[in-house]
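# Return atomic coordinates for the entry below.
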Amino acid sequence: MFLMGDWILTKNKLPEMAKRVLVCNNNGFVYIAWRYNTGWQFDSGTGEIIDDTPEEYQINAWMPLPDPAIEAKYLN
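Predicted coordinates for the structure are as follows:
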């Protein structure tokens with residue numbers, strides 16, 4: 001299980017190709033993205049895919065996505 005402080009620096013390790021992960025850029029913004037060819041693709045949140053890695057999206061850290069919430073898991 002990953003905790004919020006468990007960011008992995010991209011200079012130390014990259015995620016598997018095409019695996020969706022949380023990424024953080026140099027400005028502290030967090031996105032869902034995946035490695036694609038020589039760069040990254042990003043989920044814009046509107047259904048649009050942002051291709052490649054524009055300057056403002058320079059990624060410095062990533063972490064795996066959390067497991068989905070399953071209602072039965074949280075019932076007392």
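
# Need the per-residue pLDDT for Gly47.
Gly47 carries a pLDDT score of 73 in this model.

# neighbours of the closest residue to Glu16 other than its chain neighbours, just the number please.
Distances taken as Cβ to Cβ, 6 or more residues apart in numbering put Arg35 closest to Glu16, at 7.5 Å, once the chain neighbours are dropped. All C-beta atoms are positioned from the backbone trio N, CA, C, and that covers glycine. Applying other Cβ atoms under 10 Å, we find 21 residues neighbouring Arg35.

# now Phe29
By the criterion of other Cβ under 10 Å, Phe29 has 10 neighbours.

# Equivalent analysis for Thr46, please.
By other Cβ under 10 Å, the residues close to Thr46 number 6.

# and what of Pro15?
Pro15: 19 neighbours (other Cβ under 10 Å).

# what residue is smack in the middle of the protein?
Centroid check for the chain by Cα atoms, centre = their mean gives Leu22 as the closest residue, at 2.0 Å.

# Just confirm that one contacts Asp43, I think it does.
No: if you go by Cβ atoms under 8 Å, Leu22 and Asp43 don't touch, sitting 10.7 Å apart.

# Which residues are in contact with each of those two?
Here Leu22 and Asp43 share the contacting residues 31-32, scored by Cβ atoms under 8 Å, 6 or more residues apart in numbering.

# Show me what counts as buried in stretch 23-31.
Neighbour-count burial for stretch 23-31 flags 23-25, 31 (criterion: 16 or more other Cβ atoms under 10 Å).

# Endpoints of it, how far apart?
5 Å (Cα to Cα, to the nearest Å).
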